[in-house]
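Quick one, what's the 3D model for this:
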Amino acid sequence: MASISTEQQEAEALATYLTIRGYKFTHIPNETGGDPAAKRRAVRMKRAGTSKGFPDYLIFVDGHCIAIELKRTQGGTVSSEQREWLGVLASYGFDAAVCHGAQQAIDFIKEVIR
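Numbering: from 1, shown residues only. Just a heads-up that it's a prediction; the model follows:
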C-alpha cells in the first residue's frame, strides 16, 4: 500500500517545478506547527501582521497573478479564513484555488497561463 505524501512533500515538489520553469513565486510561511518553537514563531508572526488563512503560494507568470492554497492529495481541510482570502484575492484579479497536491497545482497553473 502506497503512502500518501505529506503537505511538505507536495510543497517541495511544487517549488521544484516552479523553480525549474523559472517562475517568480513565494511561499508564505504561515504554518504554526505544534512544537513550542513553532508556537513562539506563530505569536511573533501574528504580531508582525500575518493573516490567518492567507494562501500558501503567490505565483507570477506571463502577466498572471496566481494564489494557491496547497493541501495534501488526500485529507486536509480548507478553513473559512482560507476561503475568504482566496475570494479577496480573486476579487483583485488573482487566479485563486485550493489544490490537492503538487500535480493539481501544476495543472491549475498550466490552465491559467494557457
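
hey, let's count contacts and neighbours off CA atoms from now on
Fine.

Run through the helices of this structure in chain order.
7-21, 36-47, 80-91, 102-113 (DSSP state H).

out of those helices, nearest to Ile66?
Proximity of the helices of the chain to Ile66 was assessed by Cα to Cα; the nearest stretch is helix 102-113, lying at 7.5 Å.

Which secondary structure elements does that closest one sit against?
In terms of contacts (3 or more Cα pairs under 8 Å, 6 or more residues apart in numbering; DSSP states H and E), helix 102-113 is packed against helix 7-21, strand 64-71, strand 95-100.

between the ones you listed, which gets nearest to Ile113?
strand 64-71 (7.0 Å).

Show me what counts as buried in the closest one.
Cys65, Ile66, Ala67, Ile68, Glu69, Leu70, Lys71 (16 or more other Cα atoms under 10 Å).

so who does the first one touch?
For Cys65, the contact set (Cα atoms under 8 Å, 6 or more residues apart in numbering) comprises Leu58, Ile59, Gly93, Phe94, Asp95.
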